[in-house]
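Asker: Coordinates for the following, if possible.
(2 chains)
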Amino acid sequence: MNRRDVFRQDMISAGERFADAFSLPKDMVVNATLIHMIGKSDVFVENFKGIISYTCHEIVVKGYGIKFCVCGECLLIEHYCNDDMKISGQIHEVRVIREA
Amino acid sequence: MRLLQNNYIRYIKGCLIIRLGGDYLERFFNMCRQHDIDLWNIKRENDACMCEVYAADFKKLVPFLKKTGTRAHVVKKSGLPFYIPFLKKRIIFFVGVAACLGMLNFVTDYVWAIEYVGNLQISDDELTDFLEEEHIHYGIKKDSINCEEEEKSLRERFANVTWTSIYFEGTKLYVEVKENEKSEPVEIKMKGTDIVANEGGVITSIITRNGVPMVKAGDSVDEGDVLVSGSVPVYDENLLIAGYQIYDADADIQIRTPISYKDTIKKSYPVICYTGNDTCVSFLEAFGRHMDTMPLHDFFLGRKNSSCETVTEKRQLVLLDNIYLPVYYGKTSKKEYYIKYMTYTDEEMEALLLKQFEKFIFSLHQKGVEIVEKDVKIVENRDGMEISGDLLVLKSTGVNVDIGAVQSEDETIGE
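Answerer: The predicted model follows:
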């Protein structure tokens, strides 16, 4: 981990502490990706960078500082716009991949 | 909710279903997203990918397609912008539909049928007269009828109406009434009546229940003679008439009286013969105007002055059981005929006359008239045949008339 990453990590943790202290939403303060899952068939994603890969069984989405992978069957992107996206289908697993 | 709104917006703006193919589809999606181009229903199908996009945004995709080497193929167009040319071609149809709806809306503001419910003692004609007095008739605007006021005046007008309701169902006006079923006892007013003879003859029997008999069995009477008097004299101690008690005379009186019977039959009689030129046409009647093709048929069949038997079946147009419209339809059938004169034979004429006479005798029997003697002759005359006869019958007689009326008649005769 170089100095820049250390500084960035410190800033994030400082932001988290700030959000906790003032009861502010963390996703706004530290620019984090927000994932809502409704049941086992719908996933809403907000504040993300884009899609890395898309197949019927797996969608990999790049967020800020993380990637996450939605695995399942018959996956469909119900809408995909600048603010959010919605993935639906038979979701088996949502995996978070931390970026080094 | 947002999804629902999106669906409406998508329909109004128009959208395209496109099939995308290429190696860098993810990059293409991300580029669309960065440039505020909305995509939805993205679905992977083997190597290709189906997605939907607004029709207006499709042109904006071209540089991204080129940049990512993606091929796009429009599978389906949907939404209002693609429907407008279809509408333009059929503008008259849609104008007609709109005009029809407008007309329907206009027509349903008026009353086109009236029905009376629950009236047993009050006839429909009486209720119709009442409504006409209140200026309620077919074709009146619904808003101009104040149902509560009309109900009140209906109750005031008919004393035996205990409850009433006037209401609309569609274009039909219902007048519902409930009548007082317990009829009030009728006050019998004793006016005093005599029984007078209906016809002249010989009295054969008289049984008096009320009043003073003025004749006895075997007396001859003329028409109008008093048979039983309703004025019963009251005597004092000196057997002088102190006054009269007035009653309604009541008696069973049998009279033997002659009746004459006469009937004629003409030798020639008319018979309707149909020519077979029958016409049946449908007609339409709207707002008092009658439309059919009968004049054309009459013209082509050349029956301008010929006699025709016309039968019309007329029905009113009803929507949804209750919306009666001022439009009538039906069928008019015309049967052309001419009158042919046939001639009876003597036997036929005699048979017909006797048949009529038997009917007359039967009707007398049904009325309780007993025939004592009959003398009937059938005579042939210039036009045909004539039956004439004198009957001597035994029948009940007597009709009640006011005492005053008889007395005044007597006084007039006396003077």
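
Asker: Close to chain B: what parts of chain A are there?
Answerer: On the criterion CB under 8 Å from any CB of the partner chain, chain B has as its neighbours in chain A the residues A:50-56, A:75-82. (Glycine included, C-beta is placed from N, CA and C.)

Asker: Restricted to buried residues, select the residues you listed in PyMOL.
Answerer: One line in PyMOL is enough to select the buried members of those, burial here meaning 16 or more other CB atoms under 10 Å in any protein chain shown:
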select buried, chain A and resi 50+51+52+54+75+76+77+78+79+80
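
Asker: among the residues of chain A next to chain B, which two are most distant?
Answerer: Looking at the residues of chain A next to chain B by CB to CB, the two members farthest from one another are A:Cys56 and A:Asn82, with 24.9 Å of separation.

Asker: OK, contacts around B:Cys273?
Answerer: By CB atoms under 8 Å, 6 or more residues apart in numbering or on different chains, the residues touching B:Cys273 are B:Tyr337, B:Tyr338, B:Ile339, B:Lys340.

Asker: Let me have these in CSV, adding neighbour count as columns.
Answerer: Formatted as CSV, the contacts of B:Cys273 follow (neighbours: other CB atoms under 10 Å in any protein chain shown):
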residue, neighbour count
B:Tyr337, 17
B:Tyr338, 11
B:Ile339, 9
B:Lys340, 10
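
Asker: B:Gly330 pairs with what?
Answerer: Assessed by DSSP bridges, B:Gly330 has beta-bridge partners B:Phe283, B:Lys314.

Asker: That one and B:Thr312 touch, don't they?
Answerer: Yes - using CB atoms under 8 Å, B:Gly330 makes contact with B:Thr312 at a distance of 6.4 Å.

Asker: So these two - more neighbours on which side?
Answerer: Neighbour comparison, B:Gly330 and B:Thr312: the larger count goes to B:Gly330, with 15 against 11 (by other CB atoms under 10 Å in any protein chain shown).

Asker: need the contact list for that one.
Answerer: B:Ser282, B:Phe283, B:Thr312, B:Glu313, B:Lys314, B:Arg315.

Asker: Show me how chain A divides into domains.
Answerer: If you go by automatic domain parsing, the domain ranges for chain A are A:1-31, A:33-100.

Asker: any idea which of the ones you listed is most buried?
Answerer: Greatest average neighbour count among the domains of chain A goes to domain A:33-100 (a mean of 16), per mean count of other CB atoms under 10 Å in any protein chain shown.

Asker: contacting residues around the residue nearest the centre of chain A?
Answerer: In chain A, the centroid-proximal residue (CA atoms, centre = their mean) is A:Thr33; its distance is 4.0 Å. Listed by CB under 8 Å, 6+ apart, the contact set of A:Thr33 reads A:Asp27, A:Val45, A:Glu46, A:Asn47, A:Phe48, A:Val61, A:Gly63, A:Tyr64, A:Gly65, A:Ile66, A:Phe68.

Asker: Take the residues you listed and write them to CSV, including pLDDT and distance to B:Trp40.
Answerer: Output for these, formatted as CSV (pLDDT from 0 to 100; distance: CB to CB, whole Å):
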residue, pLDDT, distance to B:Trp40
A:Asp27, 77, 24
A:Val45, 93, 14
A:Glu46, 91, 16
A:Asn47, 89, 19
A:Phe48, 91, 16
A:Val61, 94, 16
A:Gly63, 90, 21
A:Tyr64, 86, 24
A:Gly65, 82, 27
A:Ile66, 88, 25
A:Phe68, 91, 21
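
Asker: Which strands or helices does the biggest helix by length in chain A pack on?
Answerer: Using DSSP state H, we find that the single longest helix of chain A is helix A:3-22. Helix A:3-22 sits against helix A:26-29, with contacts defined as 3 or more CB pairs under 8 Å, 6 or more residues apart in numbering or on different chains; DSSP states H and E.

Asker: Restricting to C-alpha, output the longest helix of chain A in PDB.
Answerer: Included here for helix A:3-22 are C-alpha records, laid out as PDB according to Å, rounded to 0.1, in the frame of the first residue of the first chain:
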ATOM      1  CA  ARG A   3       1.200   6.600   0.700                       C
ATOM      2  CA  ARG A   4      -1.600   7.800  -1.500                       C
ATOM      3  CA  ASP A   5      -3.700   4.700  -0.700                       C
ATOM      4  CA  VAL A   6      -3.000   5.100   3.000                       C
ATOM      5  CA  PHE A   7      -4.100   8.800   2.800                       C
ATOM      6  CA  ARG A   8      -7.200   7.800   0.900                       C
ATOM      7  CA  GLN A   9      -8.000   5.100   3.500                       C
ATOM      8  CA  ASP A  10      -7.600   7.600   6.300                       C
ATOM      9  CA  MET A  11      -9.900  10.100   4.500                       C
ATOM     10  CA  ILE A  12     -12.600   7.500   4.100                       C
ATOM     11  CA  SER A  13     -12.400   6.400   7.700                       C
ATOM     12  CA  ALA A  14     -12.400  10.100   8.700                       C
ATOM     13  CA  GLY A  15     -15.500  10.600   6.600                       C
ATOM     14  CA  GLU A  16     -17.200   7.500   8.200                       C
ATOM     15  CA  ARG A  17     -16.400   8.900  11.600                       C
ATOM     16  CA  PHE A  18     -17.800  12.300  10.600                       C
ATOM     17  CA  ALA A  19     -21.000  10.700   9.300                       C
ATOM     18  CA  ASP A  20     -21.400   8.600  12.500                       C
ATOM     19  CA  ALA A  21     -20.800  11.700  14.600                       C
ATOM     20  CA  PHE A  22     -23.400  13.800  12.900                       C
END
